[in-house]
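Trainee: Compute the structure for the input listed below.
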Amino acid sequence: MLKQRIYVSVVGFSDVERHALNTIFRLSEERELSYAPWVPLVAPGATPRLMTAEVLLVDGESAEAVLSHARETPSGQRLIWIGHDAPEYAWRVMQRPIQWANLLHDLDAVYAARQVDSGYLDLDVTSPAPLGADPMAAQPPERRALLLGADRRERDTLRLRLNAVGVTEIDEVGNTESAVELIGRHAYCCGVFNLDDQHLDAWSLVRLLADSNPQALTIGLSEHAGPLAAWWSRRRVRRDTRRAGITALLARPLQTDDLMPWVDRLRD
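Mentor: As a prediction, this is how the structure comes out:
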């Protein structure tokens, strides 16, 4: 099958959300249906491939949204609006926190809608079901945890304790891009982040997971939270933890006695 591509024009959004979108675009290149940011500028003398993007993705809270609200989209373009006060002609409207899995579903639905417009398919895409939904499934959704940047000892401890409270699906990742992709694909009840790893954008990923899963337990691990750390280091990491919305800050090396009162909150 020939690869298909959907071009998306992005208006507004925070740096963290833009990072998540760019990662989704990049990882989608491995699929038969991929997404790419639409850039209207072309080299001198070149002919643009598209007159307009097929999707206009607008952050309704941004200043640029006013312009998008003032004019209707060109024929064939789908408007996905994030936030309140969406125009009547918006094709999809979502609220924050952004549910990345639902957004991915909507982007996939654009291709189906394009096929309908072309007469290739007779398909109703006006009311999509949640991504991955199976109407025949009766079992409750899986309970899943994300471990980012933990060392082997920490992973073993976390797996053991999470399994004990019924969380058996656990994803272990060591880089920012994979974490963004997983957060967009799955719902998580818990995320554990190594805040000391300078190769990871752990603070932004905490916020991304919390926005996508508001009820999730988020745990930060840091040597600067331990009793042997300098007082100013402890103060700084606690301050940053509060700002990031982390549920619990635990010292490294991780101690089971410190972990269990928090993990027990996930017990069935």
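Trainee: For the rest of this, base every contact and every neighbour count on C-alpha atoms.
Mentor: Noted.
Trainee: Can you tell me the number of residues neighbouring V180?
Mentor: By other C-alpha atoms under 10 Å, 23 other residues sit near V180.
Trainee: and what of A109?
Mentor: 17.
Trainee: in the stretch 101-250 of the chain, which spans are helices?
Mentor: 152-164, 176-185, 202-212, 231-244 (DSSP state H, counting those that start in this stretch).
Trainee: What segments of the protein are strands?
Mentor: Secondary structure of the chain, counting by DSSP state E: strands at 4-11, 33-37, 55-59, 78-82, 92-94, 144-148, 169-173, 190-194, 217-222, 248-251.
Trainee: can you tell me which of these comes nearest to D211?
Mentor: strand 217-222 (11.3 Å; C-alpha to C-alpha).
Trainee: partners of the closest one in the sheet?
Mentor: When pairing is defined by DSSP bridges, strand 217-222 lines up against strand 190-194 (parallel), strand 248-251 (parallel).
Trainee: Can you lay out the strands of the chain as a markdown table showing mean pLDDT and distance to R242?
Mentor: Below are the strands of the chain laid out as a markdown table (pLDDT from 0 to 100; distance: least, C-alpha to C-alpha, whole Å):
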| stretch | mean pLDDT | distance to R242 |
| --- | --- | --- |
| strand 4-11 | 86 | 29 |
| strand 33-37 | 83 | 34 |
| strand 55-59 | 90 | 26 |
| strand 78-82 | 90 | 26 |
| strand 92-94 | 88 | 27 |
| strand 144-148 | 95 | 19 |
| strand 169-173 | 93 | 24 |
| strand 190-194 | 95 | 14 |
| strand 217-222 | 94 | 11 |
| strand 248-251 | 93 | 9 |
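Trainee: Now render the ones you listed as a markdown table, adding mean neighbour count.
Mentor: Listed next are these as a markdown table, based on neighbours: other C-alpha atoms under 10 Å:
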| stretch | mean neighbour count |
| --- | --- |
| strand 4-11 | 18 |
| strand 33-37 | 18 |
| strand 55-59 | 23 |
| strand 78-82 | 24 |
| strand 92-94 | 17 |
| strand 144-148 | 23 |
| strand 169-173 | 16 |
| strand 190-194 | 24 |
| strand 217-222 | 23 |
| strand 248-251 | 19 |
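Trainee: could I get these as JSON lines with distance to V180?
Mentor: As requested, these are arranged in JSON lines below (distance: least, C-alpha to C-alpha, whole Å):
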{"stretch": "strand 4-11", "distance to V180": "18"}
{"stretch": "strand 33-37", "distance to V180": "16"}
{"stretch": "strand 55-59", "distance to V180": "19"}
{"stretch": "strand 78-82", "distance to V180": "19"}
{"stretch": "strand 92-94", "distance to V180": "19"}
{"stretch": "strand 144-148", "distance to V180": "11"}
{"stretch": "strand 169-173", "distance to V180": "10"}
{"stretch": "strand 190-194", "distance to V180": "12"}
{"stretch": "strand 217-222", "distance to V180": "15"}
{"stretch": "strand 248-251", "distance to V180": "21"}
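Trainee: Which one of these lies nearest to A101?
Mentor: Closest among the strands of the chain, using C-alpha to C-alpha: strand 92-94, at 11.8 Å.
Trainee: Flag the shaky bits of the stretch 151-268 of the chain, pLDDT-wise.
Mentor: 268 (pLDDT under 70).
Trainee: Quick check: nearest residue in space to the residue nearest in space to the middle of the chain, chain neighbours excluded?
Mentor: Geometric centre of the chain, nearest residue: G184, 3.8 Å, by C-alpha atoms, centre = their mean. Closest residue to G184 apart from its sequence neighbours, by C-alpha to C-alpha, 6 or more residues apart in numbering: W100 at 4.6 Å.
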